[in-house]
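Colleague: Kindly return the folded structure for what I paste below:
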Amino acid sequence: MAWLVVVAQWGRQAVALESLSQNGFAPYCPKHKTTMWVHGQRTVKIGYLFGRYFFIKLIEKWKEAMGLRGVAGILMCGEEPSKVSDNVIKEIRSREGYDGYIKMEVLDKRVRYRKGQKVRMKRAHLFGIEGIFDRYYGGERVKILLNILNRRVVTIVRFDELSVI
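Modeller: Residues are numbered from 1 along each chain as shown. Below you'll find the model as predicted:
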């Protein structure tokens, strides 16, 4: 049996999940737990693994899902909905812990970069451009100030795209 990808309206994932459940759909919305260090305190953050995207089993009345509260639409491939195989869903579910969440570890990267530290881009189209580290921006991303054409430009990149000068 295949699954469809549903897109929720911004910030209305819970509304969409409830609406789909009440109307006979079986939604699957994997959530994750991320352990982070904030101000020296260990914090656990819970979020949706795919943001606004989650899954429902393919059934004949799938078009009805598009008109439900909280649902922005269904991911389509032309006139047909994009299908996700059972194997993909099984793989995602196999990564869930006993509590139903997918555990994701975020390393404490503060020891690597400090606010105001000089950095250099080492990947992509910004290779070699120097900047100043500003802050961590959630997950694997950081906010830096790049010096481009004698102007400081705020840029958000993955932390592994930087090197310390």
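Colleague: C-alpha only now, for contacts and for neighbours.
Modeller: Noted.
Colleague: Could you count how many residues lie near residue 94?
Modeller: Residue neighbour count, defined by other CA atoms under 10 Å, stands at 11 for residue 94.
Colleague: In terms of residue numbering, what are the domains of this protein?
Modeller: 3-105, 109-164 (automatic domain parsing).
Colleague: Give me the mean pLDDT for the first one.
Modeller: So the one you mean is domain 3-105. Computed over domain 3-105, the mean pLDDT rounds to 90.
Colleague: all helices for the chain, in order.
Modeller: Using DSSP state H, the helices assigned to the chain run over residues 13-22, 86-94.
Colleague: highest average neighbour count across these?
Modeller: Mean neighbour counts were taken over those using mean count of other CA atoms under 10 Å, and the top value, a mean of 18, falls to helix 13-22.
Colleague: Tell me which other helices or strands it touches.
Modeller: With contacts taken as 3 or more CA pairs under 8 Å, 6 or more residues apart in numbering; DSSP states H and E, helix 13-22 sits against strand 27-28.
Colleague: Give me the contacts around the strand it packs on.
Modeller: Strand 27-28 has contacts (CA atoms under 8 Å, 6 or more residues apart in numbering) with 17, 20-21, 54-57.
Colleague: Of the residues you listed, which is the nearest to residue 34?
Modeller: Out of these, the one with the shortest distance to residue 34 is residue 54. That distance is 18.7 Å, counting by CA to CA.
Colleague: Show me what the closest one bridges to in the sheet.
Modeller: Going by DSSP bridges, residue 54 is paired in beta bridges with residue 6.
Colleague: Tell me, how many residues neighbour it?
Modeller: Residue 54 has 23 neighbours, counted by other CA under 10 Å.
Colleague: Count the neighbours of residue 33 for me.
Modeller: 20.
Colleague: Spit out the contact partners of the closest residue to residue 58 other than its chain neighbours.
Modeller: Nearest-residue entry for residue 58: residue 3, 5.0 Å, with adjacent residues in sequence omitted and distances by CA to CA, 6 or more residues apart in numbering. Residue 3 makes contact with 55-58, 83-86 under the criterion CA under 8 Å, 6+ apart.
Colleague: out of these, which are inside strands?
Modeller: 55-57, 83-84 (DSSP state E).
Colleague: if I look at the spatially closest residue to residue 46 that is not a sequence neighbour, how far off is residue 44?
Modeller: If the residues on either side of it in the chain are set aside, residue 46 comes closest to residue 33, at 4.7 Å by CA to CA, 6+ apart. Summarising the geometry, the distance separating residue 33 from residue 44, computed by CA to CA, to the nearest Å, is 6 Å.
Colleague: Next: residue 29.
Modeller: Remark: distance between residue 29 and residue 44 (CA to CA) = 19 Å.
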